[in-house]
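A.B. asks: build me a structure from this.
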Amino acid sequence: MPKICLLLLWILCSCGPVGPLSLHLMALFPPGPEKGPLTKALRKAVSDADSSLFERDVSLQATSFFNTSSPEVLLKELCENLKGQRPPPTALISFVKPPVSFYVAMIGAHTRIPVIGVTNGYEDVNAMVSALFIFVDMLVGRCL
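C.D. replies: Residues are numbered from 1 along each chain as shown. Purely as a prediction, here's the structure:
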């Protein structure tokens, strides 16, 4: 996961900042007992990237968001969470599986926030609803 976060940061910063730049990433994780280790890995990746890759005029912030079991509740909670985020997220990183990943893509398209989905074996190419939506298949290392 840290490599994915660093790849995203490189993509977002490849043009170089003109002035002070604040990057806010929101990571959406599936439900389960892995909440602690996933949040810790995200914090470590952000801390490492923030301290070593960027100049002082670039700040990096990450927010973890854990999916509930119901897609309806996910939509409501994610939309409410996005409304309250200041600064708004620069990108959503989604680790949830289909069909929930489709809802995340719809929210990203509606809010014009790029969504990068990370999965093992994503097959539903028809679920791509926006040009701002990319899925990285970790098994074969390809972008769909």
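A.B. asks: longest helix in this structure, please.
C.D. replies: helix 35-52 (DSSP state H).
A.B. asks: got the contact list for T63?
C.D. replies: Contacts for T63 (CB atoms under 8 Å, 6 or more residues apart in numbering) come out as 24-27, 81, 85, 89. In short, each C-beta sits where N, CA and C put it, glycine included.
A.B. asks: pLDDT of the longest helix of the chain, averaged?
C.D. replies: In this model, helix 35-52 carries a mean pLDDT of 74.
A.B. asks: rewinding a little: among the contacts of T63, name the buried ones.
C.D. replies: 24-27, 89 (16 or more other CB atoms under 10 Å).
A.B. asks: which of the residues in stretch 75-94 are buried?
C.D. replies: For stretch 75-94, burial by neighbour count (16+ other CB under 10 Å) applies to 78, 82, 89-94.
A.B. asks: JSON lines for these, including secondary structure and pLDDT?
C.D. replies: JSON lines is the format used below for the buried residues of stretch 75-94 (DSSP: H, G, I helix; E, B strand; the rest coil; pLDDT from 0 to 100):
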{"residue": "L78", "secondary structure": "helix", "pLDDT": "84"}
{"residue": "L82", "secondary structure": "helix", "pLDDT": "84"}
{"residue": "P89", "secondary structure": "coil", "pLDDT": "87"}
{"residue": "T90", "secondary structure": "coil", "pLDDT": "87"}
{"residue": "A91", "secondary structure": "strand", "pLDDT": "88"}
{"residue": "L92", "secondary structure": "strand", "pLDDT": "87"}
{"residue": "I93", "secondary structure": "strand", "pLDDT": "85"}
{"residue": "S94", "secondary structure": "strand", "pLDDT": "84"}
